[in-house]
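Trainee: For reference, the sequence and a predicted model appear below.
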Amino acid sequence: MTKTVVAPRTKTKTKTQRPPLYKVILLNDDYTPREFVVLVLKAVFRMSGDQAYRVMMTAHQRGACVIAVYTRDVAETKAKEATELGKSKGYPLFFTTEPEE
Ligand code: TYC
């Protein structure tokens, strides 16, 4: 009887591990001036004036708006930084984070 020799698989498949992403969400409130929200979006999230205005208006009309997705650390730091900017002026402006499905 002849034996069939099967060569072992030698190729390794490398799977890139990507970190889970988190959404930063802007919440509407009745007190923060629109221009201030735009200013914060431009400063913290590096948006253009146009982008920032549209995001602000979406939150204003719908109650909330997803701004961007980042790794957990970056999302939490930016949300905190932006919320603190509002707080420093006495505004209730609030940014939160949520894991992306
Ligand atoms: N609703 C605020 C106003 O009428 C403006 C505003 C928009 C505040 C979006 C927060 O996330 C916000 N002055």
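Mentor: Structure's in. What do you need? Numbers count the residues shown, from 1 in each chain.

Trainee: Which residues outside the helix or strand containing residue 97 are in contact with it?
Mentor: Residue 97 belongs to strand 94-99 when assigned by DSSP states H and E. Strand 94-99 is contacted from outside by 20-27, 29, 67, 72, 75-76, 78-80, 82-83, 86, using CB atoms under 8 Å, 6 or more residues apart in numbering. From N, CA and C alone the C-beta is placed, and that goes for glycine too.

Trainee: Show the pLDDT at the residue nearest the centre of the chain.
Mentor: Computing the C-alpha centroid of the chain and ranking residues by CA atoms, centre = their mean puts residue 69 first, at 2.9 Å. Note on residue 69: pLDDT of 97.

Trainee: got it, and residue 1?
Mentor: 59.

Trainee: Repeat that for the one 3 residues further on.
Mentor: Reading off the confidence values, residue 4 has pLDDT 78.

Trainee: Could you check how many residues crowd around it?
Mentor: 4 (other CB atoms under 10 Å).

Trainee: which element is it on?
Mentor: Going by DSSP H and E, residue 4 is not part of any helix or strand.

Trainee: Look up how far residue 11 lies from it.
Mentor: 20 Å (CB to CB, to the nearest Å).

Trainee: Then residue 33?
Mentor: From residue 33 to residue 11 the distance is 60 Å (CB to CB).

Trainee: Show me which of these two is the more surrounded one.
Mentor: Higher neighbour count among residue 33 and residue 11: residue 33, with 11 against 4, using other CB under 10 Å.
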